[in-house]
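A.B. asks: Only the shape, not the letters, is given here:
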């Protein structure tokens, strides 16, 4: 299933401290990794959440980055102060051997470009720098496939050439409307005011070849409030309530995300 999510930049506002905000982002990242989310869109909800948006995007990108590249790509900043308490994603490109002897032709790895003494090198997590002759510049991240091992040579590849799940992208957008207008697949808008999704509809979403976007509202404003009368203008979008019998006053966004992605994943498996 080709699934992406859209979340508001205000999704951290119900947490009082940076520690609690960081923990929440970690839960969001883990949920997206578990269920193979391709892209996390962060939309500006329009409530002036600049600092939270930066924190959210930074931590999401940091957690998706292989551990061996983090010091190269990310500077020491306050937004990553609590990186040590966040659970690792353990996605395929994170659990690769650092021993060059274990490298095999065909292996796919993430690398970061390093500019040193007028030359460019690439770090692919094997404790040695390899010469790099591509177009990318300092601290840029690239995906490579190993061609030979003695010596180690490689070629750059795109994400479309990788068969297994290879992590999520993080993209920031100025508004939710912008995302919905640009999305060419199907869209699920999540809301307590939506209709209860049926088994037949779940099967249709679970087995569609079209990219699926699941959209979440804010802690204090649902999608009906955020979109207003525009909520019904998108023909490829339907609004559903995935928790029709909820026994709590609210369902927090990270809880909703885990629940809904789990339901859709089960529908895809059946």
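C.D. replies: Sure thing, it's come through. On a predicted model such as this, the values are computed, not experimentally measured, just so you know.

A.B. asks: Need the contact partners of stretch 44-54.
C.D. replies: Stretch 44-54 is contacted by residues 8-13, 21, 42, 79, 172-176, 218, 221, 226 when judged by C-beta atoms under 8 Å, 6 or more residues apart in numbering. No exception for glycine: its C-beta is placed from N, CA and C like everyone else's.

A.B. asks: Just the buried residues from those residues, in PyMOL please.
C.D. replies: A single PyMOL command selects the buried members of those (16 or more other C-beta atoms under 10 Å):
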select buried, resi 8+9+10+11+12+13+21+42+79+173+176+218+226
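
A.B. asks: which ones among the contacts of stretch 44-54 are found in helices?
C.D. replies: 21, 176, 226 (DSSP state H).

A.B. asks: got a markdown table for those, with pLDDT and distance to residue 58 too?
C.D. replies: What follows is those, written out as a markdown table (pLDDT from 0 to 100; distance: C-beta to C-beta, whole Å):
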| residue | pLDDT | distance to residue 58 |
| --- | --- | --- |
| 21 | 97 | 11 |
| 176 | 97 | 21 |
| 226 | 95 | 24 |
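
A.B. asks: mind listing the strands for the stretch 1-150 of the chain?
C.D. replies: 3-8, 39-43, 108-116, 119-123, 130-131, 141-149 (DSSP state E, counting those that start in this stretch).

A.B. asks: Go through these and pick out the most buried.
C.D. replies: strand 3-8 (a mean of 24; mean count of other C-beta atoms under 10 Å).

A.B. asks: what's the closest residue to residue 129 other than its chain neighbours in contact with, if anything?
C.D. replies: Nearest non-adjacent residue to residue 129, counting by C-beta to C-beta, 6 or more residues apart in numbering: residue 121, 3.9 Å away. Contact analysis of residue 121 by C-beta under 8 Å, 6+ apart lists 113-115, 129-132.

A.B. asks: The protein - how does it break down into domains?
C.D. replies: Domain segmentation of the chain under automatic domain parsing yields 3-89+168-269, 96-158.

A.B. asks: any idea how far the last one is from the chain center?
C.D. replies: Translated: domain 96-158. 23 Å (C-alpha atoms, centre = their mean, to the nearest Å).

A.B. asks: cool, and stretch 88-96?
C.D. replies: 14 Å.

A.B. asks: Now that stretch: buried residues?
C.D. replies: 89, 91, 93-94, 96.

A.B. asks: The residues you listed in helices, which ones?
C.D. replies: Per DSSP H, the subset of those in helices is empty.

A.B. asks: can you name the two of those residues that are farthest apart?
C.D. replies: Greatest spatial distance in the buried residues of stretch 88-96: 89 and 96, 13.4 Å, computed using C-beta to C-beta.

A.B. asks: Identify the nearest residue to residue 194 in space, disregarding sequence-adjacent positions?
C.D. replies: Closest to residue 194 by C-beta to C-beta, 6+ apart is residue 239, at 3.7 Å.

A.B. asks: ok, what's across the strand from the one you found?
C.D. replies: When bridges are called by DSSP bridges, residue 239 pairs up with residue 189.
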